[in-house]
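> Build the 3D model from these lines:
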Amino acid sequence: MGSAAREGIGLWFPTPIGGFPSGVLIVNIVGSFLLGVFLARRERAAAGRWSLQFWAIGVLGSFTTFSTFSVDVVHLVTDDRLFAAGGYVVASVIGGLVAALLGQRAGSIIR
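Take a look at the predicted model:
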C-alpha cells in the first residue's frame, strides 16, 4: 500500500531529467508527518504490536524512501548542482523532523 501510494505521488510529481526531485521530498515529508501522528496515537491506544509493524514499518516504511533520496542527492552532486543538492538535503532532513514533530503533536490532540 505504501509503495503504491508513493508511486502515485511520483506520477503526479515526476522528476524531469535534470530537475529537482520534488516528488520524493513530498513523500518523505508527508511520511514523516504520518508516522508522527501514528506513533502519538499508538501511545494512547490499546493497539497491539502488529499495528506498529503493519502501519509504521510496513505501510509508512514502504511509502518513504531513503534510498531514492540518496541516489537523487548523488545525481544532483554529479550534475554539479551543489546548491540544489544541499537544499534538498536540508529540506529533507529539517522538513522531515519538523513534519514528524507536527504529526506527533497533531496525533496527541486528535481524539
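> hey, let's count contacts and neighbours off CA atoms from now on
Fine.
> burial of the closest residue to Ile110 other than its chain neighbours, as a residue count?
Spatial nearest neighbour of Ile110, chain neighbours left out: Arg41 (7.9 Å); criterion: Cα to Cα, 6 or more residues apart in numbering. Residues near Arg41, counting by other Cα atoms under 10 Å, number 21.
> which ones are touching Arg41?
107-108, 110 (Cα atoms under 8 Å, 6 or more residues apart in numbering).
> 10 Å instead, please
Residues in contact with Arg41 (Cα atoms under 10 Å, 6 or more residues apart in numbering) are 35, 47, 103-111.
> can you tell me the average pLDDT over stretch 58-70?
Averaging pLDDT along stretch 58-70 yields 90.
> Could you look up the SS state of the most centrally placed residue in the chain?
Nearest residue to the geometric centre of the chain (Cα atoms, centre = their mean): Asn28, 1.6 Å. Per DSSP: H, G, I helix; E, B strand; the rest coil, the secondary structure class of Asn28 is helix.
> hang on, isn't it packed against Val89?
No - counting by Cα atoms under 10 Å, Val89 is not a contact partner of Asn28; they are 11.6 Å apart.
> For these two, list the residues in contact with both.
Between them, Asn28 and Val89 share these contacting residues under Cα under 10 Å, 6+ apart: 69, 95.
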